[in-house]
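>>> I'll drop the sequence and a predicted model, then ask my questions.
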Amino acid sequence: MHQLAVEIPYWGQSIFRVLGGLVAVLLPAGGIVYLFLFKMMSFMQSRLGPMEAGPFGSMQLLAEVGKWLQKEDIQPDNADKTIFKMAPVVVLLSTFLLIVVVPFGPDAFFADLDAGVFYFLAVGSVSVLGILMAGWSSANKYSLLGGLRAAGQLIAYELPMVLATLGVVIQAGSMNLNRIVEVQNTGEIFGIGILGNPFILTQGVGFLIFMIAVQAELTQPPFDMPIAESELVSGYMTEYSGFRFLMFFIAEFATAGVFAFIASVLFLGGWGVPFTWFGWENLDDVAWWMNVVGPLIMFTKMMGLVLIIMWVRFSSPRFREDQLQTFAWKFLIPLSLANIAVTAILKVVF
Amino acid sequence: MTAFSLLAQSVSDGNVNVAQNIGFGLIAAVMIFAALCVVTTKNVVHAALWLVIVLGGVAAQYILAAAEFVAVSQVMVYIGAVMVLFLFGIMLTRAQIGAEDGLNNTGWQIGIPVAVVLFGLLAFVVLDAFGDDTLAEAPLTGDNNEATVDIADRVLFQYLAPFFGMTFVLLAAAIGAIVLARKD
């Protein structure tokens, strides 16, 4: 199909994919924590942030990980020990399952699923199980309340996310994420194909709904009722410390990165550049070096989207629980249904 | 023992993907173990979590059968929605940590013959209908050879009437739930 320089055997590809998956999850997580959580938030609050460890505090992350790893592994006396230990693993696992479907180039994908869009929507809801497990097994009222709030919120915002994605699926005519990238980069708007047709232009409403839903799925401000520190200590994470807390922490920021990857595939043209620039007809025509350039393009787009996510996170006050639910059920869901209807009508007309 | 002879024959023929059979057996064993745990565990939340493993196993079996769309639907509907709702409900009402008494229905033995009869019936129907037929893989007809396109074409064309019927049943159920739950 593509002129790769060498033929890689199946086991080699599998090792590449496992390593690639680890890099694609952990590298963005580290980058996000340092660039945005340590530095951007500090600058927004007129302070410098970590400066001691390494140049501009860039090694601070290693220090933090080291600190968490050597902490005592505390479990509450009354906790359900097995479930307590499994919960962070389930949450982190769902992040790793999410990255499986993201394409980084014409051949640089982990799995090329026909039902790719459907897959990430389904797997994304597995993390709710982990959060409920954590909330219940901690044997702590704050934890249980936080877990229940999180589950209610994630269920409520799952729907607008699904419905916003449907607009993209209708327009692309496919649920395969690589195909969605191809459609965006070969598309035209009113006969002008120089920019392709990134769906943010035609699905702007869907993009906004998707990003709001992502913010809520990440339980970040302004949607951080589940871990509201003024009411619930730290919600479902209250009893966790040491490396179990570290797992929750990594999962939170890695999921932000993965959702930003998915949003850039769905709405920003993914790994591709408009195919007309290099005279490519379709996906099979794309030159092999896009497998190298594609991940870099994806990484840039991901960082841009995470910048917005974090900007909102650091500058918004918290929603009240009833406002949060009303916003999802009475505003976002009707809006996304209208978006689907309009998209479907326009799809038939054009 | 038709099933075992079929299995033995397919292995000796060598035209059946043996790795898939082994995978099926392993996943099935895990599923049966988890299913037994669902009914024997002394804690409601543990039972629900074991059920998650059973339902996840079903999704894994679908993937082995190359039915990727059905597998994803299974995860979406049963793990992502039904089990989360189960756990949510259990934790809102009674969810004590540790062993609990009186979880078992006193007439639980009645379930055994029902399960055996159901298993026998299903096994008979499947073996009677397909026997040792080898099912040909249906050719994909949709755009870009995507199975999802074929599924959509069939559901919205040949099977439109049952599909609509099902949506009405679900709508009625949703409205019914709202009517029952509303106090005013």
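That came through fine.
>>> Tally up the residues packed near A:F43, please.
When counting by other CB atoms under 10 Å in any protein chain shown, one arrives at 12 neighbours for A:F43. The C-beta positions use only the backbone N, C-alpha and C, and glycine is treated the same way.
>>> Quick check: nearest residue in space to it, chain neighbours excluded?
Using CB to CB, 6 or more residues apart in numbering or on different chains and skipping the chain neighbours, the partner closest in space to A:F43 is A:G49 (7.4 Å).
>>> Where does the one you found sit: helix, strand or coil?
coil (DSSP: H, G, I helix; E, B strand; the rest coil).
>>> Can you give me the pLDDT of whichever residue of chain B sits closest to chain A?
Relative to chain A, the nearest point of chain B is B:G80 (3.2 Å; CB to the nearest CB). You'll see B:G80 listed with a pLDDT of 82.
>>> What's the local residue count around the closest residue in space to it that isn't next to it in sequence?
Spatial nearest neighbour of B:G80, chain neighbours left out: A:S125 (3.2 Å); criterion: CB to CB, 6+ apart. Close neighbours of A:S125, defined as other CB under 10 Å, add up to 22.
>>> Let me see the contact set for the most centrally placed residue in chain B.
The centroid of chain B falls nearest to B:V58 when counting by CA atoms, centre = their mean (5.0 Å). Shown in contact with B:V58 (CB atoms under 8 Å, 6 or more residues apart in numbering or on different chains): B:M31, B:Q74, B:Y78.
>>> Work out for me the element it sits within.
In this assignment (DSSP states H and E), B:V58 forms part of helix B:44-64.
>>> Please list the residues of chain B that sit near chain A.
B:43, B:45-46, B:49, B:52, B:68-69, B:72-73, B:75-76, B:79-81, B:83-84, B:87-88, B:91-92, B:95, B:97-98, B:143-144, B:146-149 (CB under 8 Å from any CB of the partner chain).
>>> Just those residues: which are in strands?
Among those, the subset assigned to strands under DSSP state E is empty.
>>> so of those residues, which ones are in helices?
Using DSSP state H, the subset of the residues of chain B next to chain A located in helices is B:45-46, B:49, B:52, B:68-69, B:72-73, B:84, B:87-88, B:91-92, B:147-149.
>>> What about B:V169, how many residues nearby?
When counting by other CB under 10 Å, one arrives at 10 neighbours for B:V169.
>>> How far does the helix or strand where it lies sit from its chain's centre?
Using DSSP H and E, B:V169 maps to helix B:160-181. Centroid separation for helix B:160-181 versus its chain: 21 Å, with CA atoms, centre = their mean, to the nearest Å.
>>> List buried members of the residues of chain B next to chain A by neighbour count.
The neighbour-count test (16 or more other CB atoms under 10 Å in any protein chain shown) applied to these identifies B:43, B:45-46, B:49, B:52, B:68-69, B:72-73, B:75-76, B:79-81, B:83-84, B:87-88, B:91, B:95, B:97, B:144, B:146-149 as buried.
>>> Tabulate the contacts of B:V58 (JSON lines), appending neighbour count.
Below are these laid out as JSON lines (neighbours: other CB atoms under 10 Å in any protein chain shown):
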{"residue": "B:M31", "neighbour count": "18"}
{"residue": "B:Q74", "neighbour count": "22"}
{"residue": "B:Y78", "neighbour count": "20"}
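>>> so which of these comes closest to A:G187?
Nearest to A:G187 among the contacts of B:V58 is B:Q74, at 33.2 Å by CB to CB.
>>> so who does that closest one touch?
B:Q74 touches B:L55, B:V58, B:A59, B:Y62, counting by CB under 8 Å, 6+ apart.
>>> ok, the third one - contacts?
The neighbourhood of B:A59, defined by CB under 8 Å, 6+ apart, consists of B:A71, B:V72, B:Q74, B:V75, B:Y78, B:I79.
>>> go on, the first one?
Listed by CB under 8 Å, 6+ apart, the contact set of B:L55 reads B:Q74, B:Y78, B:I79, B:V82, B:M83.
>>> Report the mean per-residue pLDDT for the helix holding B:V58.
89.
>>> mind checking how far the residue of chain B closest to chain A is from B:I112?
According to CB to CB, to the nearest Å, B:G80 and B:I112 sit 32 Å apart.
>>> and the residue nearest to A:F43, how many neighbours does it have?
Around A:G49 there are 16 other residues, counting by other CB under 10 Å.
>>> isn't it right up against A:F36?
No: taking CB atoms under 8 Å as the definition, A:G49 is not a contact partner of A:F36, at 10.6 Å.
>>> distance of the spatially closest residue to B:I53 that is not a sequence neighbour from B:W50?
The shortest distance from B:I53 to any non-neighbouring residue, by CB to CB, 6+ apart, is to B:A34 (4.1 Å). In this view, B:A34 and B:W50 are 5 Å apart by CB to CB.
>>> what about the closest residue to A:I189 other than its chain neighbours, which SS state?
Closest residue to A:I189 apart from its sequence neighbours, by CB to CB, 6+ apart: A:N197 at 5.4 Å. Under three-state DSSP, A:N197 falls in the coil class.
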